[in-house]
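Colleague: please work out how this folds:
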Amino acid sequence: SSKTTGPIPRSRTLTKVQDAILDDLVYPTEIAGKRTRCKVDGSKELKVILESKDQANVEGRLDVFAGVYTKLTNKAISFDFQ
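Modeller: Numbering: from 1, shown residues only. Sure thing, here's the model as predicted:
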């Protein structure tokens, strides 16, 4: 394998990859916004706000989405609706 030089493309950074995983995970639903909640003990939790028009379809699967995302990225996450 040949070594490449230069900076890593912005589309392949860890943050972009994790954003893409999240987009794929909640696919039929649109993500309306994201907030990072920093708790007093220093831990961080990603709070994702989803579009409310798909609430009936997705509401039962939110705990599954959170479990899969946490397993893949090792980040705490919670979902909410607009």
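
Colleague: do a quick rundown of the helices in the protein.
Modeller: 14-25, 55-58, 62-73 (DSSP state H).

Colleague: and the shortest one, how far from the chain's centre?
Modeller: A distance of 18 Å separates the centroid of the chain from that of helix 55-58, by CA atoms, centre = their mean, to the nearest Å.

Colleague: rounded mean pLDDT for that helix, please.
Modeller: In this model, helix 55-58 has a mean pLDDT of 87.

Colleague: related to what we said a few turns ago, adding distance to Thr4 and mean neighbour count, write the helices of the chain out as TSV.
Modeller: For glycine as for every other residue, the C-beta is placed from the backbone atoms N, C-alpha and C. Below are the helices of the chain laid out as TSV (distance: least, CB to CB, whole Å; neighbours: other CB atoms under 10 Å):
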stretch	distance to Thr4	mean neighbour count
helix 14-25	18	13
helix 55-58	40	12
helix 62-73	25	14
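
Colleague: nearest the geometric middle of this protein, what residue?
Modeller: Leu22 (3.7 Å; CA atoms, centre = their mean).

Colleague: give me the nearest residue to that residue, chain neighbours excluded.
Modeller: Leaving out its chain neighbours, the residue that sits closest to Leu22 by CB to CB, 6 or more residues apart in numbering is Tyr69, at 6.3 Å.

Colleague: verify the stated contact: the one you found with Asp24.
Modeller: No. Checked against CB atoms under 8 Å, the pair Tyr69 and Asp24 is beyond contact range at 10.2 Å.

Colleague: give the residues shared as contacts by those two.
Modeller: Common contacts of Tyr69 and Asp24 (CB atoms under 8 Å, 6 or more residues apart in numbering): none found.

Colleague: still on that earlier bit, check contacts around the residue nearest to the centre of the chain.
Modeller: Per CB under 8 Å, 6+ apart, neighbours of Leu22: Ile31, Val48, Tyr69, Ile77.
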